[in-house]
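In: quick one: sequence plus predicted model below, questions after.
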Amino acid sequence: LNLIQIEADPKVMVNFYTALYHTMIAPFAYQDVDGRYLGMDKKVHTAEPGYVNYSVFSLWDTFRALHPLMTIINPALATDWGKVLVQGYKEGGILPKWPLASSYTGCMVGYPAVSVLADLVAKDLAEGDMSTWAEAGARSSVYREDLAEKFRGTRELDLITMHPYYKEKYGFVPADSVPESVSWGLEMAYEDWCISQIAKKAGNIELANEYAKKAEYYKRYLDPETKMMRPVMGDGSFRTPFNPRYSSHMKSEYTEGNAFQWSFFAPHDMDNFIAAIGGKKELETRLDTLFTTSSQIDGAEASGDITGLIGQYAHGNEPSHHMAYLYNWTDSPWKGQGYLDYIMQNFYTNEPDGIIGNEDCGQMSAWYVMSALGFYQVSPGIPVYTLGRPMVNKASMHVKGGIFEIVATNNNPANKYVKEVKLNGKVLETPFISHSDIINGGKLEFIMTDQPVK
């Protein structure tokens with residue numbers, strides 16, 4: 001736990017180190033003392049010296065904050081996890097999505113392992129044959145008839161869905177063919193961008209360009225009328241009627257959420273996303289609506305995962321986790337700082353029910369650790385962090401270049417807004433810092449105030 005040493009209010013101290021502890025439970029080693037382990041092919045393998053096999057990667061959750069956190073505080077472990085995911089491809093023919101023991105599961109959306117791999121590539125932490133990494137990503141992003149046959153009659157068949165098939169055939173997932181179409185469509189667009197980044201690193205420009213085009217498919221769901229990511233039918237029309245508050249667990253077009261909670265997911269392409277919806281003033285208006293509208297959720301079978309509501313923002317589940325930070329792409333970052341303060345003050349407490357939703361193998365807590373330090377990575381694969389509202393007064397992070405120090409001057413519950421930020425003594429013009437700024441060591445200073453800085 002001394003990888004990050006902080007000074008803070010006693011309540012924050014308990015929350016922070018509880019959260020940091022939670023980030024260190026999973027994934028966990030899954031092999032015997034002599035190095036043998038049961039692989040994804042159900043065969044016994046013997047680990048090479050220095051290799052440790054891991055299992056329990058809750059990737060749809062943890063790609064967002066847990067894995068980025070580890071690239072900072074434990075980069076060697078982050079690198080090792082990348083090797084394990086690629087080894088899973090070598091053994092079983094497809095990247096794991098939510099591996100449990102030596103079994104694939106089809107739990108959750110898309111093929112999020114490529115996000116973890118792309119982030120390692122972007123941060124120079126990837127070790128191995130990059131052409132194999134690119135192949136693993138590409139082979140995991142399409143419908144696999146061979147694996148559908150191989151997994152027939154087993155629970156592992158859940159891994160092979162028709163969503164990638166429709167994505168490849170039409171450029172979108174038709175809502176009248178499969179459930180959770182919008183969520184799959186949006187996440188596959190981001191993940192195909194991740195594959196393009198891996199392919200670029202491998203020198204496979206043709207594959208990189210192919211997947212960069214697929215990364216734009218999220219635009220197909222943008223509805224100018226409702227200003228939401230809306231289900232698209234097989235004939236190309238938007239689904240009618242449309243209720244953005246509606247949820248039906250595993251049956252509607254949105255995974256564990258509704259249109260409000262899924263209409264801000266294009267992390268890899270924020271500038272073009274903002275342009276497509278009408279500019280940063282429009283983004284601010286949509287975020288204001290998200291956080292201030294009624295928290296009513298419609299539907300008799302609404303997902304129980306929709307918790308921690310501020311308006312329709314749902315902190316208890318992962319699709320919302322980046323949204324308060326999106327105010328940094330508007331002219332009003334102070335609004336995001338206010339919501340971040342509320343989330344950390346009210347949705348993380350030192351009580352038995354102290355987390356507002358499912359911990360999801362450390363993701364909820366990793367979000368708190370990074371946010372309490374004052375920054376968050378909106379798009380793994382882009383080695384940039386955007387700044388928020390730090391809860392700590394001081395922090396020292398042990399990084400590759402020595403110590404990265406964070407200081408929040410005049411920090412207290414009343415002073416929840418950021419007046420000014422300095423990096424190594426230089427005032428920042430925008431609320432962004434790079435991965436190298438952190439791992440090279442240095443000092444990030446927030447000057448806090450009780451008034452919104454407009």
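Out: Nice, thanks for sending it over. Residues are numbered from 1 along each chain as shown.

In: can you give me the helices in the stretch 101-250 of the chain?
Out: 113-122, 130-139, 145-150, 163-170, 181-202, 205-214 (DSSP state H, counting those that start in this stretch).

In: check which helices and strands the fifth one is in contact with.
Out: Based on contacts counted as 3 or more CB pairs under 8 Å, 6 or more residues apart in numbering; DSSP states H and E, the elements that helix 181-202 packs against are helix 113-122, helix 130-139, helix 163-170, helix 205-214, helix 259-262. Heads up, the C-betas are built off the backbone N, CA and C, glycines and all.

In: any chance of those helices in CSV, with mean pLDDT and mean neighbour count too?
Out: What follows is those, written out as CSV (pLDDT from 0 to 100; neighbours: other CB atoms under 10 Å):
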stretch, mean pLDDT, mean neighbour count
helix 113-122, 98, 28
helix 130-139, 98, 21
helix 163-170, 98, 18
helix 205-214, 98, 16
helix 259-262, 98, 27
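
In: okay, those helices in TSV with distance to F404 next?
Out: Output for the helices and strands packed on helix 181-202, formatted as TSV (distance: least, CB to CB, whole Å):
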stretch	distance to F404
helix 113-122	18
helix 130-139	28
helix 163-170	39
helix 205-214	32
helix 259-262	33
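
In: closest one to Y376 among the ones you listed?
Out: helix 113-122 (13.5 Å; CB to CB).

In: now that closest one against helix 130-139, angle please.
Out: Between helix 113-122 and helix 130-139, the angle comes out at 150 degrees (axes from the mean of the first three to the mean of the last three CA atoms, to 10 degrees).

In: please name every helix or strand in contact with helix 113-122.
Out: Helix 113-122 packs on helix 59-62, helix 66-73, helix 75-92, helix 130-139, helix 181-202, going by 3+ CB pairs under 8 Å, 6+ apart.

In: using TSV, lay out the ones you listed together with distance to E405.
Out: Compiled in TSV, those are given as follows (distance: least, CB to CB, whole Å):
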stretch	distance to E405
helix 59-62	27
helix 66-73	14
helix 75-92	19
helix 130-139	34
helix 181-202	31
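
In: now stretch 99-116: buried residues?
Out: Buried residues in stretch 99-116, defined by neighbour count with 16 or more other CB atoms under 10 Å: 99, 102-104, 108-116.

In: now tabulate these in JSON lines and tack on distance to C361.
Out: Output for the buried residues of stretch 99-116, formatted as JSON lines (distance: CB to CB, whole Å):
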{"residue": "P99", "distance to C361": "12"}
{"residue": "S102", "distance to C361": "18"}
{"residue": "S103", "distance to C361": "16"}
{"residue": "Y104", "distance to C361": "17"}
{"residue": "M108", "distance to C361": "12"}
{"residue": "V109", "distance to C361": "16"}
{"residue": "G110", "distance to C361": "17"}
{"residue": "Y111", "distance to C361": "18"}
{"residue": "P112", "distance to C361": "13"}
{"residue": "A113", "distance to C361": "14"}
{"residue": "V114", "distance to C361": "18"}
{"residue": "S115", "distance to C361": "15"}
{"residue": "V116", "distance to C361": "13"}
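
In: out of the residues you listed, the closest to N317 would be?
Out: Closest to N317, out of all of these and judged by CB to CB, is M108, at 11.1 Å.

In: can you pull the contacts of that closest one?
Out: M108 makes contact with 59-61, 97-98, 255, according to CB atoms under 8 Å, 6 or more residues apart in numbering.

In: same check, this time on T226
Out: 242, 244, 259.

In: and if you look at S396?
Out: Counting by CB under 8 Å, 6+ apart, S396 has contacts 4-6, 403-406.

In: distance of M228 from Q377?
Out: 25 Å (CB to CB, to the nearest Å).
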